[in-house]
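J.: Okay, predicted coordinates and the sequence, questions at the end:
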Amino acid sequence: MNMKSLYALWSAIILVAASLLSCEKAVFDEDNENTDNENCKLTLCVSTKSKAMDVTRSDGDYWKHLCFVVYKDGKKLKAVNQTAGTEGYGQASISLAQGTYQVLVVAHSSANNPSVASPDKVQFTNADGYSDTFYYYSDITVTAEPQTHYVELVRATAMLRFIVNDDMPQSVKSLKFYYTGGSGALNAKTGMGCVDSKQTVNVEVDPAAGAPYTFELYTIPKEASGTLSLTVTAFDGSGTTVAEKQIKNIKIERNKITELSGELFNGENIVDDTSSENNKDTQTEGMFVITANTEWGGTINATY
């Protein structure tokens with residue numbers, strides 16, 4: 001091959017290489033938008049105060065854990081779990097592609113985080129324990145511009161405050177609270193409980209502390225208001241039953257406290273609340289009386 005032919009060959013190779021490089025640059029042009037890439041930043045911040053909260057108390061008085069969850073068409077895409085006291089607590093930054101998503105935030109103080117596979121069923125269990133629970137759920141549209149959303153949580157739970165006015169026998173070491181009528185799972189789309197739960201809470205006690213003894217139980221009402229059936233069992237150190245009392249038709253409402261006070265170790269073993277509006281703030285020996293604590297947002301008056 002003479003020099004002229006060799007020069008022509010190299011010129012052709014250089015032209016082909018230049019053409020390929022030009023095409024490659026066009027495919028990966030930074031100006032092209034690729035919505036399949038998760039290059040959009042969404043930051044979620046929990047509002048420091050919600051309407052259901054007492055402004056004199058801090059967030060830590062209401063919850064110890066936060067769960068941030070992002071769904072797309074009902075499928076969980078990403079989740080961030082936080083515990084009070086850790087860096088960045090109360091704020092989560094998540095990278096997503098552009099589009100519309102469903103965002104769930106759950107605040108609670110249970111031992112473990114709930115199952116959040118679906119926003120239709122945010123499930124706590126007896127093993128997790130039950131606590132005062134707040135939530136936020138909404139559609140959010142993510143764009144190319146970084147976004148920060150301040151979310152306001154609302155309470156999902158009702159509280160049953162159980163007060164024992166008589167002294168416990170020294171042999172009592174624990175109480176078991178078993179209650180039905182509420183739910184341990186939340187449908188975040190409706191804000192209501194979504195399963196018929198058999199909730200159990202076990203508590204160690206110290207009789208020497210003296211009466212009154214106060215215990216707080218939580219449930220998620222399946223409707224705006226409902227009723228619970230409660231069985232309280234006192235055990236000694238060997239697991240033998242010392243006393244047991246059943247209380248039926250206990251009125252509950254979301255974002256309200258139902259206060260039950262009376263004697264656990266005296267009186268009737270089975271009590272049925274008639275929820276009479278004509279008998280308010282009265283107490284009968286050996287029975288339990290329901291009154292309302294208005295700190296949460298309302299008044300319940302009932303006796304049985």
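T.: Noted; the coordinates are in hand. Numbering: from 1, shown residues only.

J.: Helix, strand, or coil at Thr214?
T.: strand (DSSP: H, G, I helix; E, B strand; the rest coil).

J.: burial of the closest residue to it other than its chain neighbours, as a residue count?
T.: Residue nearest to Thr214 in three dimensions, not counting chain neighbours: Ile163, with 5.2 Å by C-beta to C-beta, 6 or more residues apart in numbering. Glycine gets a C-beta too; all of them are placed from N, C-alpha and C. Neighbour count for Ile163, taken as other C-beta atoms under 10 Å: 17.

J.: swap in Met192?
T.: Other residues near Met192 come to 18 when the count uses other C-beta under 10 Å.

J.: where do the strands sit along the stretch 151-300 of the chain?
T.: 154-155, 158-164, 172-180, 185-187, 192-193, 198-204, 213-219, 225-236, 241-253, 257-262, 270-272, 288-293 (DSSP state E, counting those that start in this stretch).

J.: So what's the model's average confidence on the last one?
T.: Yep, that's strand 288-293 we're talking about. In this model, strand 288-293 has a mean pLDDT of 48.

J.: Then the second one?
T.: Along strand 158-164, the predicted confidence averages to a pLDDT of 94.

J.: what does the first one give?
T.: Along strand 154-155, the predicted local confidence has a mean pLDDT of 92.

J.: just to revisit the earlier point, got TSV for the strands of the stretch 151-300 of the chain, with distance to Ser95 too?
T.: Formatted as TSV, those follow (distance: least, C-beta to C-beta, whole Å):
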stretch	distance to Ser95
strand 154-155	27
strand 158-164	37
strand 172-180	42
strand 185-187	27
strand 192-193	32
strand 198-204	38
strand 213-219	35
strand 225-236	41
strand 241-253	40
strand 257-262	41
strand 270-272	55
strand 288-293	43
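
J.: circling back: what are the bridge partners for the residue nearest to Thr214, then?
T.: Ile163 has the following beta-bridge partners by DSSP bridges: Thr214, Ser261.

J.: low-scoring stretches of this structure, by residue?
T.: Where the chain drops to pLDDT under 70, the residues are 1-37, 47-60, 267-268, 270-304.

J.: Domain-wise, how is it divided?
T.: For the chain, the structural domains run 40-155, 158-303, going by automatic domain parsing.

J.: now the first one, how far from the centre of its chain.
T.: This means domain 40-155. 9 Å (C-alpha atoms, centre = their mean, to the nearest Å).

J.: give me the beta-bridge partners of the closest residue in space to Cys67 that isn't next to it in sequence?
T.: Among residues not flanking Cys67 along the chain, Val106 sits closest, at 4.4 Å (C-beta to C-beta, 6+ apart). Using DSSP bridges, the bridge partners assigned to Val106 are Cys67, Tyr135.

J.: What residues does Val106 make contact with?
T.: Leu66, Cys67, Val69, Asn113, Pro114, Val116, Val122, Thr133, Phe134, Tyr135, Leu186, Ala188 (C-beta atoms under 8 Å, 6 or more residues apart in numbering).

J.: would CSV of those with distance to Tyr179 and neighbour count be doable?
T.: Below are these laid out as CSV (distance: C-beta to C-beta, whole Å; neighbours: other C-beta atoms under 10 Å):
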residue, distance to Tyr179, neighbour count
Leu66, 27, 25
Cys67, 25, 19
Val69, 28, 25
Asn113, 22, 18
Pro114, 19, 20
Val116, 24, 20
Val122, 19, 27
Thr133, 16, 24
Phe134, 21, 22
Tyr135, 21, 22
Leu186, 17, 28
Ala188, 23, 25
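
J.: The closest residue to Ser171 other than its chain neighbours: neighbour count?
T.: Nearest non-adjacent residue to Ser171, counting by C-beta to C-beta, 6+ apart: Asp236, 4.4 Å away. The number of residues packed near Asp236 is 14, by other C-beta under 10 Å.

J.: quick one, what contacts Asp236?
T.: Ser171, Val172, Lys173, Val242.

J.: Now do the same contact list for the first one.
T.: For Ser171, the contact set (C-beta under 8 Å, 6+ apart) comprises Asp236, Gly237, Val242.

J.: Would you mind measuring from the first one to Gly226?
T.: According to C-beta to C-beta, to the nearest Å, Asp236 stands 34 Å off from Gly226.
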